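Quick one: sequence and predicted model below, then my questions.
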Protein chains: 2
Amino acid sequence: MREVAILGIGQTKFGELWDRSFREIGIEAGFSALQEAKLSSQNLGALYLGNMASGSFIEQEHIAPLILDYAGLAGHHLPAVRVEAGGASGAVAFHQAYLAVASGAHDIVVVGGAEKMTDVPESVQTDITNASADQEWETVFGATLPSLWALVARRHMHDHGTRREEFAQFPVLAHEMGSKNPLAHFRNKITLSQVLEGSPVAEPLGVMDCAPASDGAAAIVLGPLEQARKYTDTPIRISASQLACDTLALQHRRDVTTLDATVVAAKAAFHAAKRTPKDVQVAEVHDAYSISGLMALEDLGFFAKGAAGKALVNGEVGLGTKLGLNTSGGLKAQGQPFGAVGVAQIAEIVRQLRGEAKDRQVAGAQVGLAHNMGGTGATSVVHLLERVN
Amino acid sequence: MREVAILGIGQTKFGELWDRSFREIGIEAGFSALQEAKLSSQNLGALYLGNMASGSFIEQEHIAPLILDYAGLAGHHLPAVRVEAGGASGAVAFHQAYLAVASGAHDIVVVGGAEKMTDVPESVQTDITNASADQEWETVFGATLPSLWALVARRHMHDHGTRREEFAQFPVLAHEMGSKNPLAHFRNKITLSQVLEGSPVAEPLGVMDCAPASDGAAAIVLGPLEQARKYTDTPIRISASQLACDTLALQHRRDVTTLDATVVAAKAAFHAAKRTPKDVQVAEVHDAYSISGLMALEDLGFFAKGAAGKALVNGEVGLGTKLGLNTSGGLKAQGQPFGAVGVAQIAEIVRQLRGEAKDRQVAGAQVGLAHNMGGTGATSVVHLLERVN
């Protein structure tokens, strides 16, 4: 398989975009990415689209040809494929787009991620997103995604001595970075005590431990690395794209305090890229919940099990340390439009590796990692990206 | 890219399977396919799953890892990807699985298609399947899939002189074949007058012109052609896998009486396989509606525009002619579990090319075609399969 590069990125603002439709945000992101790569529609080979639940949110399935249509590209009769993997839909779509280029099936491929969540009431948002957990063994009994992650947090505290104050640090870091990102859903800074005193959602998790439901879209143009300089002065090489799965239901897991699928995907990615976690200067990890962000730091190999909490408290991660972390604001502050998250994470890593991240720039970033999950980690996707010098 | 072969097939009965859950039918089909290819889970590289609307039908998204989990395979942490393209979800998933093997990304891949539709009331089934048409320009105004296909039928009659009695012949043929298929939803034969006198759904289409909503699943194991003899004595070569898209909304089409995406996918498939329509002895075409089946015969290149109706009336297609057609019973009689259809069509072509189709066998079939569509043709997928002698 040939090497693949990122040629252009695009992204809408994330937030409660009540005045804009799914198709509008989808094509805005797509056009921005094409424009960056100075591409016209004539060059395109295929479209992949990550989305979790458009059928439930906006009564519209079959959305990949829909976005092609509204982008004015239907006349080319390109292949357009929608991929779904809960909150990991975006990164899984990116993985498929990567394979399409790597295999030689297509040269130029656009991958989008989009979700329109806030046009339905919040209780309905909860029901819809719960569908990424196991309906027969979890949600039918009243479990929700936050309550499942709360169980995980309690067990992590019990088994590994993790303290409430440790994972509470994650949203503080996320909002600090979100305050610097003009596309972020939340741009306010928050304090540790605001997290600790937030209204309980599912104890030990409070409202500030949980990423919001957002509207938003992101898009990326991929092409063969050997042709990349035709389209951009700053191609970013995809040095690994790995996907692994686990049981949907927590109760079937070997150990709920380790995200096995993340461990497997990360090991495979580092192996494929001939890199180690120490080589990574900037990472976007899946902080849908403060505890999931903390666990990602451990299971991706940045810290030993039980050590990520101390690292967060001691300021060992974040801007100005060895590991720039969730500089976009992460899911917590940049926002969480489910199907868009995985694509937006990669877009942020691209900005960092290009040196375009302005006041949230990680100095000299050469290698970046993006980590996206669905459900309580049943789908995990790890991408490694590198600056081409 | 390397050549890809089909190593095993599996399929559940199609119908109203009220005593069985989505996950049960999904794993039944998958296990049958693995068993046929004498494969254990150790050999597997990835799972692809086609499904249109599990979120709306059974409140469960994120179903690719779910099926892995219930198949007892979660411990291998394989990649599992769900693909959605309305009624073409199955064939699009197959296309992705084909690319995964052809590219060398994986050796052995299982692709499943599954839908559980009949646990919700019929009016809800209609609402859910309507989501494969354009919500903002079609369904919000009350249009349904049958009413959109009825508009197409009227225009086809007007532009090409097609008569009601011509497309009414399609369901007669489908039920004739369904009567011979033990897995079919409907096994009763019907007459032309039963079709013509059926209760109107959206004139000129009556109830017998419209395929049912069904529950069901199908699965296929793919692998590299060069390794195929290790797994089966009768490998079937995939000589083309082509996907093309068009506008979701009918009103944006160049001409509603031609399925442009089908034309494009078919031409590309015949070109890739170095075949012509004359080389095909057996085809499964997307007869979700009698008129869509008729149009497929034209747009795939078997008949000139306006000529398929006469061919149907004159008995130029079907068992014992030059073109065995929808020997499974097609969507009309075998049934229409949306996400399973495209995979089941390919499974039937495999039975035919292996010579295992019993009393519906097309004598000496060497080359087969499967044609699957989503919505009113916005996604079209054409596969060409060949017997390896």
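Nice, thanks for sending it over.

what kind of secondary structure is the residue sitting nearest the centre point of chain A in?
Residue closest to the mean C-alpha point of chain A, counted by CA atoms, centre = their mean, is A:Gly342 at 2.9 Å. Put simply, A:Gly342 is helix when judged by DSSP: H, G, I helix; E, B strand; the rest coil.

thought it was touching A:Ala97?
No - contact criterion CB atoms under 8 Å: A:Gly342 and A:Ala97 do not qualify, at 11.3 Å. All C-beta atoms are positioned from the backbone trio N, CA, C, and that covers glycine.

mind listing what the residue in chain A positioned nearest to chain B touches?
The nearest approach of chain A to chain B comes at A:Ser103, 3.0 Å away (CB to the nearest CB). When contacts are counted by CB atoms under 8 Å, 6 or more residues apart in numbering or on different chains, A:Ser103 touches A:Met1, B:Met1, B:Leu99, B:Ala102, B:Ser103, B:Gly104, B:Ala105.

Any idea how many residues pack against the first one?
Put plainly, it is A:Met1. 13 (other CB atoms under 10 Å in any protein chain shown).

Excluding sequence neighbours, find me the nearest residue to it.
The spatially closest residue to A:Met1, leaving aside those adjacent along the chain, is A:Ala102, at 4.0 Å (CB to CB, 6 or more residues apart in numbering or on different chains).

show me the residues around the one you found that make contact.
A:Met1, A:Arg2, A:Glu3, A:Val4, B:Ser103, B:Ala105.

could you redo the last one with a cut-off of 6 Å?
Neighbouring residues of A:Ala102 by CB atoms under 6 Å, 6 or more residues apart in numbering or on different chains: A:Met1, A:Arg2, A:Val4.

try A:Ser199
So A:Ser199 contacts A:Val207 (CB under 6 Å, 6+ apart).

Show the model's pLDDT score for A:Thr376.
Looking at A:Thr376, its pLDDT reads 98.

re earlier: excluding residues flanking it in the chain, which one is nearest the residue of chain A closest to chain B?
B:Ser103 (3.0 Å).

State the distance from the one you found to A:Ala102.
Distance of B:Ser103 to A:Ala102, computed by CB to CB, to the nearest Å: 7 Å.

And A:Gly206, by the same measure?
With CB to CB as the criterion, A:Gly206 and A:Ala102 are 43 Å apart.

For A:Gly375, give me its contacts.
Taking CB under 6 Å, 6+ apart, we find A:Gly375 in contact with A:Gly86, A:Ser132, A:Ala133, A:Leu248, B:His62.

ok, for it, nearest residue in space, not its chain neighbours?
Using CB to CB, 6+ apart, the nearest residue to A:Gly375 is A:Ser132, at 4.1 Å.

now A:Ser328
Nearest to A:Ser328 is A:Glu348, by CB to CB, 6+ apart, at 3.9 Å.

next one: A:Ala272
Take A:Ala272 and drop its neighbours on the chain: the residue closest to it by CB to CB, 6+ apart is A:Ala240, 4.2 Å away.

that's a helix at A:Glu255, yeah?
Actually, residue A:255 is Asp. It isn't Glu. No - per three-state DSSP, A:Asp255 lies outside any helix segment and is coil.

Can you give me the distance of it to A:Val152?
10 Å.

Comparing the two, which shows the higher neighbour count?
Taking other CB under 10 Å, A:Asp255 and A:Val152 do not tie; A:Val152 has more neighbours (23 against 10).

Next, the more buried one: secondary structure please.
Applying three-state DSSP: A:Val152 is helix.

I'd like the distance from it to B:Glu16, if you could.
A:Val152 is 39 Å from B:Glu16, by CB to CB.

can you check A:Ser292 too?
Taken as CB to CB, the span from A:Ser292 to B:Glu16 is 40 Å.

So which of those two has more stuff around it?
Between A:Ser292 and B:Glu16, A:Ser292 has the larger neighbour count (other CB under 10 Å), namely 28 against 15.

Spit out the contact partners of A:Glu298.
Residues in contact with A:Glu298, defined by CB under 6 Å, 6+ apart, are A:Lys305, A:Ala308.

Secondary structure element holding it?
helix A:290-299 (DSSP states H and E).

Averaged pLDDT, that helix. What do you get?
Here the average pLDDT along helix A:290-299 is 98.

Likewise for stretch A:202-219?
What stretch A:202-219 shows for mean pLDDT is 98.

CA-only coordinates of that stretch in PDB, if you can.
Listed next in PDB are the C-alpha coordinates belonging to stretch A:202-219 (Å, rounded to 0.1, in the frame of the first residue of the first chain):
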ATOM      1  CA  ALA A 202     -23.800  10.300  37.600                       C
ATOM      2  CA  GLU A 203     -21.500  10.400  40.600                       C
ATOM      3  CA  PRO A 204     -18.500  10.800  40.700                       C
ATOM      4  CA  LEU A 205     -19.100  12.600  37.400                       C
ATOM      5  CA  GLY A 206     -20.600  16.100  37.500                       C
ATOM      6  CA  VAL A 207     -21.800  18.200  34.600                       C
ATOM      7  CA  MET A 208     -18.300  19.600  34.000                       C
ATOM      8  CA  ASP A 209     -16.900  16.100  33.600                       C
ATOM      9  CA  CYS A 210     -19.200  15.500  30.600                       C
ATOM     10  CA  ALA A 211     -18.700  16.800  27.100                       C
ATOM     11  CA  PRO A 212     -21.700  18.500  25.500                       C
ATOM     12  CA  ALA A 213     -23.900  17.500  22.600                       C
ATOM     13  CA  SER A 214     -22.900  19.800  19.800                       C
ATOM     14  CA  ASP A 215     -23.600  20.500  16.100                       C
ATOM     15  CA  GLY A 216     -20.700  20.700  13.800                       C
ATOM     16  CA  ALA A 217     -18.800  19.300  10.900                       C
ATOM     17  CA  ALA A 218     -15.200  18.800   9.800                       C
ATOM     18  CA  ALA A 219     -13.600  17.600   6.500                       C
END
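
follow-up on the earlier one: can you tell me how far the residue of chain A closest to chain B sits from A:Arg253?
33 Å.

do A:Ser40 as well
A:Ser40 is 48 Å from A:Arg253, by CB to CB.

who's more crowded, the two?
Between A:Ser40 and A:Arg253, counting by other CB under 10 Å, A:Arg253 is the more crowded of the two (20 against 9).

For the more buried one, give me the pLDDT.
On the pLDDT scale, A:Arg253 gets 96.

wait, what's in contact with the closest residue to it other than its chain neighbours?
Distances taken as CB to CB, 6+ apart place A:Thr247 nearest to A:Arg253, at 5.8 Å, with adjacent residues excluded. Going by CB under 6 Å, 6+ apart, A:Thr247 touches A:Arg253, B:Asp69, B:Ala74.

Tally up the residues packed near the residue nearest to A:Lys358 when sequence neighbours are not counted, please.
Once flanking residues are discounted, A:Lys358 sits nearest to A:Lys180: 7.4 Å by CB to CB, 6+ apart. By the measure other CB under 10 Å, the count of residues near A:Lys180 is 19.

for A:Gly178, same thing?
28.

Local confidence estimate at it?
According to the model, A:Gly178 scores 98 on pLDDT.

same check, this time on A:Ser41
75.

count of neighbours near it?
A:Ser41 - counted by other CB under 10 Å - has 15 other residues nearby.

just the one 4 residues further on next, same as before
Residue crowding around A:Gly45 was assessed by other CB under 10 Å; the count is 18.

Enumerate the residues of the stretch 51-200 of chain A near chain B.
Residues of the stretch 51-200 of chain A found near chain B (CB under 6 Å from any CB of the partner chain) are A:52-53, A:55-56, A:59-62, A:65-66, A:68-69, A:74, A:77, A:79-82, A:84, A:86, A:92, A:99, A:103, A:105, A:131-132, A:135.

repeat that with 7 Å
A:52-53, A:55-56, A:58-62, A:64-66, A:68-69, A:74, A:77-86, A:92, A:96, A:99-100, A:102-105, A:131-132, A:134-135 (CB under 7 Å from any CB of the partner chain).
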